[in-house]
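Peer 1: sharing a model prediction with you, sequence too.
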Amino acid sequence: MMKKRLIARLDINNEYVIKGKYLEGLRKVGKPNLLALEYYIAGIDEIIFLDAVASLYDRNSLFDIIKRACGEVFVPLTVGGGIRSIYDIKQALSVGADKVAINSAAVRDIGFIKEAVEIFGSQAIVGSVVARKNRNYWEAFIDNAKHRTKLDAIHWAMELEKSGVGEIIVSSIDKDGIQKGFDLDLIQKVTNSVRIPVIAASGAGNPNHIVEVCKVTNCDAVAVASILHYKIAGVQEIKQVMAANNINVRILV
């Protein structure tokens, strides 16, 4: 049985990790390299670095942060936000990222995903789905949840899979930062609709929320932010609760 991965998500603006609600980052919570090192030492399985405003301002400022992180953090690193060209992917991978997460550029041109997969392989490309409930369906959003697409998020996840991405991270705008649990219905529908690994994001307020999303949706990994940033629970505390509920995880010895 594959181990469930616990992933730290670092949303970054102007070289600070930020956290807010509903993907509106308002509060500075620390420096990305210091938090990445802290979570690595604590036993996190992977780290995702996301530039929270890159897609709005046509830039990506994370490459220096990733390069520094690679000197002291030895778990897989994903970079996202503002990845819009083959050159951007090459640059991210050249400074030490293992994967890139792509949302807005994929919606604007799905051919970009296909080209990226052909050049770098599925294992290096993560499809990012950011969704909000809109009456009877979940709508996909882009530009850090600022702009609507009118795309059905479940269908969009399936399209990303067909285009060759190696895994999908699913973020719920309605659940982000409020620490009341994951959007189980959204994540379950995605996991039931694709065969590739799914990372559940947005909503963890305590370790039991993480157990719940693993049990109900059969996701392959869980990305967390507030629960770590605000010291609600540490990495090993979360994993011990997961293990106690028969979820296979990597525990430090």
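Peer 2: The structure has been received and is ready for your questions.
Peer 1: so which residue is smack in the middle of this structure?
Peer 2: When the chain is reduced to its mean C-alpha position, the nearest residue by CA atoms, centre = their mean turns out to be residue 169, at 5.1 Å.
Peer 1: so which residues of the protein form strands?
Peer 2: Secondary structure of the chain by DSSP state E: the strands cover 5-13, 16-21, 24-30, 46-51, 77-80, 99-102, 125-134, 137-142, 147-152, 167-172, 198-201, 221-224.
Peer 1: now render these as JSON lines, adding distance to residue 248.
Peer 2: Using the backbone N, CA and C atoms, a C-beta is placed for each residue, glycine as well. Converted to JSON lines, those look like this (distance: least, CB to CB, whole Å):
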{"stretch": "strand 5-13", "distance to residue 248": "11"}
{"stretch": "strand 16-21", "distance to residue 248": "29"}
{"stretch": "strand 24-30", "distance to residue 248": "30"}
{"stretch": "strand 46-51", "distance to residue 248": "16"}
{"stretch": "strand 77-80", "distance to residue 248": "22"}
{"stretch": "strand 99-102", "distance to residue 248": "22"}
{"stretch": "strand 125-134", "distance to residue 248": "22"}
{"stretch": "strand 137-142", "distance to residue 248": "29"}
{"stretch": "strand 147-152", "distance to residue 248": "32"}
{"stretch": "strand 167-172", "distance to residue 248": "18"}
{"stretch": "strand 198-201", "distance to residue 248": "16"}
{"stretch": "strand 221-224", "distance to residue 248": "12"}
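Peer 1: looking at the ones you listed, which one is packed in the most?
Peer 2: strand 198-201 (a mean of 28; mean count of other CB atoms under 10 Å).
Peer 1: just the helices in this structure please.
Peer 2: Applying DSSP state H to the chain gives helices spanning 32-42, 54-57, 63-69, 86-94, 104-108, 110-120, 153-163, 184-193, 207-217, 226-229, 235-244.
Peer 1: would a markdown table of those with distance to residue 21 and mean pLDDT be doable?
Peer 2: Formatted as a markdown table, those follow (distance: least, CB to CB, whole Å; pLDDT from 0 to 100):
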| stretch | distance to residue 21 | mean pLDDT |
| --- | --- | --- |
| helix 32-42 | 19 | 97 |
| helix 54-57 | 18 | 50 |
| helix 63-69 | 24 | 92 |
| helix 86-94 | 28 | 95 |
| helix 104-108 | 21 | 95 |
| helix 110-120 | 30 | 98 |
| helix 153-163 | 20 | 98 |
| helix 184-193 | 17 | 97 |
| helix 207-217 | 16 | 97 |
| helix 226-229 | 9 | 96 |
| helix 235-244 | 21 | 98 |
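Peer 1: okay if I get the strands of the chain as TSV plus mean pLDDT and distance to residue 189?
Peer 2: Formatted as TSV, these follow (pLDDT from 0 to 100; distance: least, CB to CB, whole Å):
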stretch	mean pLDDT	distance to residue 189
strand 5-13	95	21
strand 16-21	87	23
strand 24-30	80	25
strand 46-51	95	22
strand 77-80	96	22
strand 99-102	98	20
strand 125-134	96	10
strand 137-142	94	8
strand 147-152	93	10
strand 167-172	97	9
strand 198-201	98	10
strand 221-224	98	17
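Peer 1: and of the ones you listed, who's closest to residue 69?
Peer 2: In this view, the strands of the chain are compared for proximity to residue 69 by CB to CB, and strand 77-80 is the closest at 6.2 Å.
Peer 1: list the neighbouring strands of the closest one plus their orientation.
Peer 2: Taking DSSP bridges as the criterion, strand 77-80 forms sheet pairs with strand 46-51 (parallel), strand 99-102 (parallel).
Peer 1: turn these into CSV, columns for distance to residue 30.
Peer 2: CSV is the format used below for the strands paired with strand 77-80 (distance: least, CB to CB, whole Å):
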stretch, distance to residue 30
strand 46-51, 13
strand 99-102, 21
